[in-house]
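A.B. asks: build me a structure from this.
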Amino acid sequence: MILERNFVRFRLSPEGKVALKGIIDTPSLQAYVEAVDELGAWILLDAKSESVPMLLLKWDYFATAVVDFQPAPQPEPRVVGFVNVRLKKGRKTRGA
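C.D. replies: Now for the predicted structure:
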């Protein structure tokens, strides 16, 4: 999923604000998403710490997620079909 292994800015939902009161006291937070599963996003609260304080941010607990994303480059389109060739002035075509 696009959230995994990225820094993501989350805006908490009203349900998330209530459930995470005392843990996260701001309406939004930025965190590193280690993994996602059917329960939600597993985030690192403090990447500088030696222990790894991870938090499960349930899907219902956030309203939006913003991630900087670099899409893969699109392959160049291949031209298929006839080529429109203009005859140079003075050249004759076959059968003429």
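A.B. asks: let me see the ranges of the helices in this structure.
C.D. replies: 14-19 (DSSP state H).
A.B. asks: any stretches of it with poor pLDDT?
C.D. replies: 1, 46-50, 81-96 (pLDDT under 70).
A.B. asks: what's the single longest strand in it?
C.D. replies: In the chain, taking DSSP state E as the definition, the longest strand is strand 28-36.
A.B. asks: got a list of what the most centrally placed residue in the chain touches?
C.D. replies: The residue lying closest to the centre of the chain (CA atoms, centre = their mean) is residue 2, at 4.1 Å. For residue 2, the contact set (CB atoms under 8 Å, 6 or more residues apart in numbering) comprises 67, 69. For every residue, glycine as well, the C-beta is placed using N, CA and C.
A.B. asks: let me see the contact set for residue 33.
C.D. replies: Applying CB under 8 Å, 6+ apart, the residues near residue 33 are 3, 4, 5, 6, 7, 8, 41, 42, 43.
A.B. asks: picking that back up, look up how far residue 17 lies from the residue nearest to the centre of the chain.
C.D. replies: Residue 2 is 24 Å from residue 17, where distance means CB to CB, to the nearest Å.
A.B. asks: who is residue 43 paired with across the strands?
C.D. replies: residue 33, residue 55 (DSSP bridges).
A.B. asks: could you shift the numbering so residue one becomes 62, and keep it that way?
C.D. replies: That works, and once the first residue is 62, the last one we named lands at residue 104.
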